[in-house]
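**Student:** Pasted the sequence and its predicted model underneath.
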Protein chains: 2
Amino acid sequence: MARASTTSDAFNAVAEPRRREILSYLAGSERPVGDIVTALGLEQPSVSKHLRVLRNVGLVRMRCQGRQKLYRTNAEAIRPLYEWASTFERYWQHQLNRVKERAEAMVRQGSAELKSPGSIELQSPDPNPKEK
Amino acid sequence: MARASTTSDAFNAVAEPRRREILSYLAGSERPVGDIVTALGLEQPSVSKHLRVLRNVGLVRMRCQGRQKLYRTNAEAIRPLYEWASTFERYWQHQLNRVKERAEAMVRQGSAELKSPGSIELQSPDPNPKEK
DNA sequence: TTGACATATGCCTATATGGGTATGTAATGT
DNA sequence: ACATTACATACCCATATAGGCATATGTCAA
């Protein structure tokens, strides 16, 4: 079978970069579709489709006002993502400690294996370092 | 064009439910592929492919040990998701306050529009309530 | 070397998508 | 009524899957 439908859940809906941009843009204040089109530089039908997906999973709410439709992001629907990610918080804290400890140990024994003890790379570590 | 590649970033990789399961399973301790297969009840080639995707975006690390390969989730790579989601934290708190205020106002004036003031639905609100 | 075990890849298929373009529809203006 | 504005849909197409199955690769054991 193919990939799961983007309309299935927030995780899939948010996997699309443009939809994340839309969500950020619509956070805080409601806006008509046209504003999104000009703000993000996308084609109008494209925006409509993304909004459709976002609406289906509850990530945005819509309200009609005359001939325009005002959208705003429903932040509440992002919470499940937040909670899932925070499940791993304790683990990345562990990793932080492990790295720090190893770094300090190396510094103590004057090892040159660590290039710059003051700027330990944590944001984008090498995906697959040779361990041992 | 089609949807963005799942190997492009963590958001896409995590959109797949099975991959989320794998990440949870591999959080905390490293495990050989076989364990994942039996634990999650997936086909071995399927697991290998998911691991490949997860590795490409840095969500898991791999280490060889004899004829097995030990995988563990790299929690650090989940942080960007966490941070993105937490961007919306202030908004869902706003919504919380708004709902609470309305609820309290209704309770004060004895309105019956709110069925049960004590259990305000926040987790899965109606995606598109008729506003006005 | 031969064989068993642990994983990774290759290949094929059905499907879901996102972009682009054209068109449908509803609301407002003249 | 007619034109215009603001969106939503329909349709077509190229593409990236994910699943299932067969097979290749790498490692250890006898």
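**Tutor:** Everything's here; your move. It should be emphasised that the depicted structure is a prediction, and the values quoted were computed from it without experimental measurement.
**Student:** alpha carbons only for contacts and neighbour counts from here, please
**Tutor:** OK.
**Student:** Surely A:Arg98 is in a helix?
**Tutor:** Yes: A:Arg98: assigned to a helix according to DSSP: H, G, I helix; E, B strand; the rest coil.
**Student:** Next one: it from DNA strand D, what distance?
**Tutor:** Separation of A:Arg98 from DNA strand D (C-alpha to the nearest atom of the strand, to the nearest Å): 27 Å.
**Student:** For that residue, the count of nearby residues, please.
**Tutor:** 12 (other C-alpha atoms under 10 Å in any protein chain shown).
**Student:** now swap in A:Arg102 and tell me
**Tutor:** Quick note: A:Arg102 (other C-alpha under 10 Å) scores 12 neighbours.
**Student:** Show residues contacting stretch A:33-50.
**Tutor:** A:Arg18, A:Arg19, A:Glu21, A:Ile22, A:Tyr25, A:Gln68, A:Lys69, A:Leu70, A:Tyr71 (C-alpha atoms under 8 Å, 6 or more residues apart in numbering or on different chains).
**Student:** pLDDT for those residues - can I get that in JSON lines?
**Tutor:** Shown next, in JSON lines, are those (pLDDT from 0 to 100):
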{"residue": "A:Arg18", "pLDDT": "95"}
{"residue": "A:Arg19", "pLDDT": "96"}
{"residue": "A:Glu21", "pLDDT": "97"}
{"residue": "A:Ile22", "pLDDT": "98"}
{"residue": "A:Tyr25", "pLDDT": "97"}
{"residue": "A:Gln68", "pLDDT": "96"}
{"residue": "A:Lys69", "pLDDT": "97"}
{"residue": "A:Leu70", "pLDDT": "98"}
{"residue": "A:Tyr71", "pLDDT": "98"}
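**Student:** Give me the subset of those residues lying in helices.
**Tutor:** Among these, the ones falling in helices (DSSP state H) are A:Arg18, A:Arg19, A:Glu21, A:Ile22, A:Tyr25.
**Student:** count of residues packed around the nearest residue to the third one once chain neighbours are set aside?
**Tutor:** The reference is to A:Glu21. In space, and not counting its chain neighbours, A:Glu21 is closest to A:Leu40: 7.7 Å by C-alpha to C-alpha, 6 or more residues apart in numbering or on different chains. The number of residues packed around A:Leu40, counting by other C-alpha under 10 Å, is 13.
**Student:** per-residue confidence at A:Leu40?
**Tutor:** As predicted, A:Leu40 sits at a pLDDT of 96.
**Student:** How much space separates it from A:Thr73?
**Tutor:** Separation of A:Leu40 from A:Thr73 (C-alpha to C-alpha, to the nearest Å): 16 Å.
**Student:** Could you give me the ChimeraX syntax to select whichever of the ones in helices among the contacts of stretch A:33-50 are buried?
**Tutor:** What follows is the ChimeraX syntax for the buried subset of these, where burial is set by 16 or more other C-alpha atoms under 10 Å in any protein chain shown:
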select /A:18,19,22,25
